[in-house]
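1. Below are the sequence and a predicted model; questions follow.
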Amino acid sequence: MASSKILIVDDDPDLRQALKLRLRANHYDTVHAGDGYSAIAQAHKEQPNLIILDLGLPAGDGYVVLDRLQHDDKLSSIPVIVLTARDPQSSEQRALQAGAAAFFQKPADNAELLEVIRATLPRATTVTPMPS
Amino acid sequence: MNDQSTQVLLIEDNPGDADLVRLRLVEGKSLVDVNCVNRLSDGLAALKERSPAVILLDLNLPDSHGAETYRKVLESAPGVPVVILSGQDDEVLAIKALHQGVQDYLVKGSISSSSLDRAMRYAVERQALLRSLEMGRKQQLEFKNQFLSHVSHELRTPLTCIHQYVTILLDGLAGEIQPEQRDHLKTILRSVNQLGAMVRDLLEATRAESGKIRLAPRCIAIGDLIQSAVAMMQATAGQKGVGLEVGLDTTLPLVHADPDRILGILINLIDNAVKFTPSGGAVTVKACAVAADPEFAYISVTDTGCGIAADAKPLIFERLYQDVNAVVDSSRKGLGLGLFMAKELVGLHGGRIWFVSEPGEGTVFSFTLPLYSLAKLLFPIITHQGRLRDAVVLLKVVLRPRSEASRGRWKDISQRCLETLHRCVYLDKDLVLPPMAAAGLEETFLVVASTDMERVQTMMTRIREQLEKVADVNTHVRLDLTAAAVTLPDPGGRDLGSENGSKHAGNHAGNEDSLKGQVQEVANRVIEMARPAPAARRSSKSH
């Protein structure tokens, strides 16, 4: 079975690298973007199964990216997990309402993040009846 | 009226004194425009119309006397300088007035035109200075809070980086590591986690100071929370050789509080207690009811530690305070925000926190939380014209996630469902209970409705229709609605003795009491019915 492809969007290259190591160790393929603009471009090009998205980004912050994804027929079905240093009290609800499937504050617990990735990947949701 | 002139409001009932003051004002250098009234009420009315540059105030007026007079004026005209013109040279009253915000206190007999003129001008200047100081203070506070919030956010990025790479090394993702290297990495990880907790506390304290903390209260069994806190702290206590025990009053009713916050407070108090207790000592966590204060639960954390020194006692709840002499193990030091936060949070819940301590004999920290009184909330809902309503139904709305994918959005979805539920009921006849402590992802909302089993069907249909309109509910939630009639106490047959005795007496207070008793019975039944069956609870957890 082909492994799922995850797009990591974070402007900090060290964090991108760390997340890539962690995800690849768990048998996921990863692709990367460092700003809002290339996040959308990469999503189009790579058609990932899931996106991990930082909120504080150059060239279109995380909310802009969420909005673009939502309004793009080719991308709107890709689940997005927000992973940010921002404060949940001010950004969690906004991110979820903008279409994110889950919200994590950095530093996130690795086991928990992996668990949510596994649960959120479309492959794992075959038990979910699609809305008519 | 001249725009250049100083607007003066003179509140003085003695016509002779008023004329004299007017004369002195006219003689003075400044252009003045005097509005003279002879009662406090007229003065306050004039202040509502327009704010003068200065208020000259006699204290003894037909409708107000002494300190009361200037207090009312200060209250109605914040920011306007007040100069008291008094008949008596009362130094004590003068100083008191200045402390409370009056600008000057002049004795009528000794006023010259130049001294009055100067007093007024200086009063205006001082008031302006005061205002700019106050504004500066507010700006500084706002700046400090923004700064702290910015810093704690900025600290998170490098913190995350360290955390990520240390765990990558520890998990062997970058090759195998030696046992000694593993130990060192674990030390780093511990410190990083400590740093993370400090950053979080810093942001919390900033929020507390600017009043931005939001509570999410639920009906919770405080005993369960204490058990979880103790379970989480058992290892820390064990490592230090300190016993950790629990004493619970199992009959304690539910409390109405934010479980996450209360767990945080408990962990903090237990952590402190363990920190200051030597090996071989003991820490005991208790919860009980106190007859003299029936609306609160009392929770206490007792230790057999070194106690709190007398000079530290007034500082214990201060932000950033920590007892440097008492902390032996410097690696366990925090920011000194724990008790400050505990006090803020307990206060937000409407409770209080305090301690009793003798040096060398240990310390008891206690706090109170409001008990959840279902009967009190139910009374106006299920009684009508002095008697119980004819029928009461308990409606259960259970939300279960459709799949694991719903997990990240669950809190948001269930919150929106609860809001919708509140909009589906009649405020005077139905009551949506605060959510119970949730086990896992399943969420149960309860509605007590003053209706019968027949009519409740319509209500359930309406609720289901509305909930299904909530965004994402169809994709993520399995809805389950059930209703059960609440058996009502029989007011006639319940207590035959008093029934016979008071039937003809028509004692209204007695009826009121018996009605309260009946509501309490209904409340007890509702709580009994609301409790999830133990078997069901276990199966939902093991899933």
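-> Here it is on my side, so go on.
2. The closest residue to residue B:247 other than its chain neighbours: neighbour count?
-> Sequence neighbours aside, residue B:286 is the residue nearest to residue B:247 in space, at 4.2 Å (criterion: C-beta to C-beta, 6 or more residues apart in numbering or on different chains). Backbone N, C-alpha and C define where each C-beta goes, glycine included. Residue B:286 has 17 neighbouring residues, counting by other C-beta atoms under 10 Å in any protein chain shown.
3. Just checking stretch B:337-346 against chain A, any contact.
-> No - judged by C-beta under 8 Å from any C-beta of the partner chain, stretch B:337-346 stays clear of chain A, getting no closer than 14.5 Å.
4. thinking again about what came up before, ok, residues contacting the helix or strand containing the residue nearest to residue B:247?
-> Using DSSP states H and E, residue B:286 maps to strand B:282-289. With contact meaning C-beta atoms under 8 Å, 6 or more residues apart in numbering or on different chains, strand B:282-289 is reached by B:222-223, B:226, B:229-230, B:237, B:242-249, B:251-253, B:266, B:270, B:273-274, B:277, B:297-304, B:371.
5. Please, a PyMOL command that selects the buried ones among those residues?
-> Selection of buried members from the contacts of strand B:282-289 for PyMOL, criterion 16 or more other C-beta atoms under 10 Å in any protein chain shown:
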select buried, chain B and resi 222+223+226+229+230+237+242+244+248+252+253+266+270+273+274+277+297+298+299+300+301+302+303+304+371
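6. picking up where we left off before, export the strand holding residue B:286 to CSV, keeping only CA atoms.
-> Provided in CSV are the C-alpha atoms of strand B:282-289 (Å, rounded to 0.1, in the frame of the first residue of the first chain):
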residue,chain,number,x,y,z
ALA,B,282,2.8,13.3,54.5
VAL,B,283,0.5,15.4,52.3
THR,B,284,-3.3,14.9,52.6
VAL,B,285,-5.9,16.2,50.2
LYS,B,286,-9.4,16.5,51.5
ALA,B,287,-12.8,17.7,50.4
CYS,B,288,-15.8,18.2,52.6
ALA,B,289,-18.9,20.2,53.2
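7. Direction included, what does it pair up with?
-> Taking DSSP bridges as the criterion, strand B:282-289 pairs within the sheet with strand B:243-248 (parallel), strand B:296-303 (antiparallel).
8. For stretch B:422-440, give the mean pLDDT please.
-> Stretch B:422-440 comes out with an average pLDDT of 78.
9. How about stretch B:393-406?
-> Rounded mean pLDDT across stretch B:393-406 is 82.
10. How about stretch B:75-83?
-> 90.
11. Using PDB, list the CA coordinates for stretch B:456-471.
-> Output of stretch B:456-471 as PDB, limited to C-alpha atoms (Å, rounded to 0.1, in the frame of the first residue of the first chain):
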ATOM      1  CA  VAL B 456     -41.900  16.000  24.800                       C
ATOM      2  CA  GLN B 457     -41.900  14.200  21.400                       C
ATOM      3  CA  THR B 458     -42.500  17.500  19.600                       C
ATOM      4  CA  MET B 459     -39.700  19.100  21.600                       C
ATOM      5  CA  MET B 460     -37.300  16.200  20.700                       C
ATOM      6  CA  THR B 461     -38.200  16.600  17.000                       C
ATOM      7  CA  ARG B 462     -37.500  20.300  17.200                       C
ATOM      8  CA  ILE B 463     -34.200  19.800  19.000                       C
ATOM      9  CA  ARG B 464     -33.000  17.100  16.600                       C
ATOM     10  CA  GLU B 465     -33.900  19.300  13.600                       C
ATOM     11  CA  GLN B 466     -32.000  22.200  15.000                       C
ATOM     12  CA  LEU B 467     -29.000  20.200  16.000                       C
ATOM     13  CA  GLU B 468     -28.700  18.600  12.600                       C
ATOM     14  CA  LYS B 469     -28.500  22.100  11.100                       C
ATOM     15  CA  VAL B 470     -25.300  22.800  13.200                       C
ATOM     16  CA  ALA B 471     -22.400  22.700  10.800                       C
END
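12. near chain A, which residues of the stretch 201-350 of chain B?
-> B:203, B:207, B:212, B:214.
13. Need the pLDDT of the first one.
-> Here, the pLDDT recorded for residue B:203 equals 82.
14. before we move on, back to that, could you measure from the residue nearest to residue B:247 over to residue B:337?
-> 25 Å (C-beta to C-beta, to the nearest Å).
15. can you check residue A:86 too?
-> As judged by C-beta to C-beta, residue A:86 and residue B:337 stand 21 Å apart.
16. With residue B:82 instead?
-> Distance from residue B:82 to residue B:337, by C-beta to C-beta: 40 Å.
17. which residues of chain A score low on pLDDT?
-> For chain A, residues meeting the criterion pLDDT under 70 lie at A:1-2, A:123-132.
18. Number of residues surrounding residue B:150?
-> Residue B:150: 10 neighbours (other C-beta under 10 Å).
19. Name the helix or strand for it, please.
-> helix B:113-170.
20. quick one, what contacts the most centrally placed residue in chain B?
-> Nearest to the mean C-alpha position of chain B, by C-alpha atoms, centre = their mean, lies residue B:348 at 1.0 Å. Applying C-beta under 8 Å, 6+ apart to residue B:348 gives the contacts B:213, B:215.
21. same thing with residue B:250?
-> residue B:223.
22. From chain A, how far off is it?
-> With the distance defined as C-beta to the nearest C-beta, to the nearest Å, residue B:250 ends up 34 Å from chain A.
23. and if you look at residue B:399?
-> From residue B:399 over to chain A (counting by C-beta to the nearest C-beta), the distance is 15 Å.
24. Which residue does chain A have closest to chain B?
-> residue A:102 (2.4 Å; C-beta to the nearest C-beta).
25. burial measure for that residue, as a count.
-> Neighbours of residue A:102 (other C-beta under 10 Å): 25.
26. you'd agree it is up against residue A:81?
-> Yes - contact criterion C-beta atoms under 8 Å: residue A:102 and residue A:81 qualify, at 4.7 Å.
27. and the helix or strand containing residue B:263, C-alpha only, in PDB?
-> Using DSSP H and E, residue B:263 maps to helix B:259-275. What follows is helix B:259-275, C-alpha atoms only, in PDB (Å, rounded to 0.1, in the frame of the first residue of the first chain):
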ATOM      1  CA  PRO B 259     -12.400  21.000  35.700                       C
ATOM      2  CA  ASP B 260      -9.100  21.800  33.800                       C
ATOM      3  CA  ARG B 261      -8.500  24.900  36.000                       C
ATOM      4  CA  ILE B 262      -9.300  23.100  39.200                       C
ATOM      5  CA  LEU B 263      -7.000  20.200  38.300                       C
ATOM      6  CA  GLY B 264      -4.300  22.800  37.700                       C
ATOM      7  CA  ILE B 265      -4.800  24.400  41.100                       C
ATOM      8  CA  LEU B 266      -4.800  21.000  42.900                       C
ATOM      9  CA  ILE B 267      -1.600  19.900  41.100                       C
ATOM     10  CA  ASN B 268       0.000  23.200  42.000                       C
ATOM     11  CA  LEU B 269      -1.000  23.000  45.700                       C
ATOM     12  CA  ILE B 270       0.100  19.300  46.000                       C
ATOM     13  CA  ASP B 271       3.400  20.000  44.200                       C
ATOM     14  CA  ASN B 272       4.100  22.900  46.600                       C
ATOM     15  CA  ALA B 273       3.200  20.800  49.600                       C
ATOM     16  CA  VAL B 274       5.500  17.900  48.500                       C
ATOM     17  CA  LYS B 275       8.200  20.400  47.700                       C
END
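28. what packs against it?
-> Judged by 3 or more C-beta pairs under 8 Å, 6 or more residues apart in numbering or on different chains; DSSP states H and E, helix B:259-275 is in contact with strand B:218-220, helix B:222-240, strand B:282-289, strand B:296-303, helix B:338-348, strand B:362-370.
29. mean pLDDT lowest for which of those?
-> Looking at the helices and strands packed on helix B:259-275, the weakest mean confidence is strand B:218-220, a mean of 82.
30. What is that strand packed up against?
-> Against strand B:218-220 (3+ C-beta pairs under 8 Å, 6+ apart) you get strand B:255-257, helix B:259-275.
31. I am finished for the moment; much appreciated.
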